[in-house]
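Trainee: fold the stuff below for me.
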Amino acid sequence: MFRNLLALRQISQRTLSTSSRRSVQNKVAEKQKLFQEDNGIPVHLKAGVGDVLLYRLTMVMTVLGVGYCVYEIGKAALPQKK
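Mentor: Reported below is the predicted structural model:
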C-alpha cells in the first residue's frame, strides 16, 4: 500500500514538472517573415490552403445566413391569408 502511494507521488511529480523533455524549435522568426512579406496576398490568407478554405466556407455560410434571415423576415412581414 505504502509502495503504491510512493509510486503515485513520483509519477505525479514527473508529469507536473516544468522542465521539458525535448527542446521545441522556435518558429516565430519564420512566421514573421511569411506574414510580413509584401506579395499582395491579404494577411488572413497568407498561411496557405487551409486559410483559403476556411475563409471561403465562412463567406458562403455568411451569405446563406443573410439570405435565410431576409427570407424569414419577409415571410413574417407578409403573412399568408386564410
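Trainee: measure Val63 to Cys69 for me?
Mentor: Separation of Val63 from Cys69 (CB to CB, to the nearest Å): 11 Å. Using the backbone N, CA and C atoms, a C-beta is placed for each residue, glycine as well.
Trainee: any stretches of this structure with poor pLDDT?
Mentor: The model of the chain has pLDDT under 70 over residues 13-21.
Trainee: rerun at 80
Mentor: Counting by pLDDT under 80, the chain shows low-confidence ranges at 1-23, 82.
Trainee: could you pull out the helices for it?
Mentor: Listed in chain order, the helices of the chain (DSSP state H) span 2-15, 28-36, 49-77.
Trainee: out of these, flag the one nearest Pro42.
Mentor: helix 49-77 (8.8 Å; CB to CB).
Trainee: so which elements touch that closest one?
Mentor: Helices and strands touching helix 49-77, by 3 or more CB pairs under 8 Å, 6 or more residues apart in numbering; DSSP states H and E: there are none.
Trainee: would you indicate which residues of that helix are buried?
Mentor: Within helix 49-77, no residue is scored as buried using 16 or more other CB atoms under 10 Å.
Trainee: where's Gln36 relative to Lys46, distance?
Mentor: 9 Å.
Trainee: who has more neighbours out of the two?
Mentor: Shown here are Gln36 and Lys46; by other CB atoms under 10 Å, Lys46 has more neighbours (15 against 9).
Trainee: quick one: contacts for that one?
Mentor: Lys46 makes contact with Leu34, Phe35, Glu37, according to CB atoms under 8 Å, 6 or more residues apart in numbering.
Trainee: from those residues, which is closest to Thr58?
Mentor: Phe35 (19.5 Å).
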